[in-house]
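# need a 3D model of the following:
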Amino acid sequence: MTQRLVRWAILALGVALATRIVRGITCDDAVALAIVVLLLSFFNTILKPVLLLFTLPFIIVTMGLGVIVINALLFLLAGKLVQGFDVQGFWPAVGGSLVVSITNFVVSRFVGRHTPALRRTTPGTSDTPTAAAPRSRRTTRKPDDVIDI
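Here you go, the predicted structure:
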């Protein structure tokens, strides 16, 4: 639960920065910002994977630039749905989604992930350390084996 709150805080920081940096994006108050963060989080969890699946040929042809268009459309949709959060067109939505993506990338690298390291054992040995199994046979793996987009 705390990891989700951290991700929402990072998203809120990105949206707040986008309102300051990108012309054409305004947010009236903290309540509108919180609603936008929850809505964008919902969009990224439910809507974005479906859109990515259906637009996969477009994304492949544009060498990944289609994902920016999808992010911008979701950002624009949030601007249409939330009163007090205004996105004045497609290009401000592109700029806002890029600011949010860059902020998410940079801050997530500083905060880091709080997942425990995976342990790998060699075949024929158990997970629990015993007197017979030397400590050098167990190694730890980094949790960054999965690509997170």
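
# hey, let's count contacts and neighbours off CA atoms from now on
Will do.

# any idea of the pLDDT on P129?
pLDDT recorded at P129 is 50.

# just the element for V50, please.
According to DSSP states H and E, V50 maps onto helix 48-54.

# near T26, how many other residues are there?
Using other C-alpha atoms under 10 Å, T26 has 19 neighbouring residues.

# and the gap between it and T2?
28 Å (C-alpha to C-alpha, to the nearest Å).

# picking that back up, the helix holding V50: how far from the chain's middle?
In terms of C-alpha atoms, centre = their mean, to the nearest Å, the centre of helix 48-54 is found 15 Å from the chain centre.

# please apply the same query to stretch 8-26.
How far stretch 8-26 lies from its chain's middle: 14 Å, per C-alpha atoms, centre = their mean.

# quick one: the helices in this structure?
Using DSSP state H, the helices of the chain run over 2-21, 30-42, 48-54, 56-61, 65-81, 90-111.

# may I see the ones you listed organised as CSV, with mean pLDDT added?
Compiled in CSV, the helices of the chain are given as follows (pLDDT from 0 to 100):
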stretch, mean pLDDT
helix 2-21, 91
helix 30-42, 93
helix 48-54, 91
helix 56-61, 92
helix 65-81, 92
helix 90-111, 92
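
# find the centremost residue of the chain, please.
In the chain, the residue lying closest to the centroid (C-alpha atoms, centre = their mean) is N104, at 6.2 Å.

# how near is that one to P92?
18 Å.

# swap in I68?
Distance, I68 to P92, by C-alpha to C-alpha: 12 Å.

# before we move on, what about P57?
Distance, P57 to P92, by C-alpha to C-alpha: 25 Å.

# returning to that earlier point: between I68 and P92, who's got more neighbours?
The residue with more neighbours, out of I68 and P92, is P92; 20 against 17, by other C-alpha under 10 Å.

# relative to L81, how far out is the more buried one?
From P92 to L81 the distance is 16 Å (C-alpha to C-alpha).
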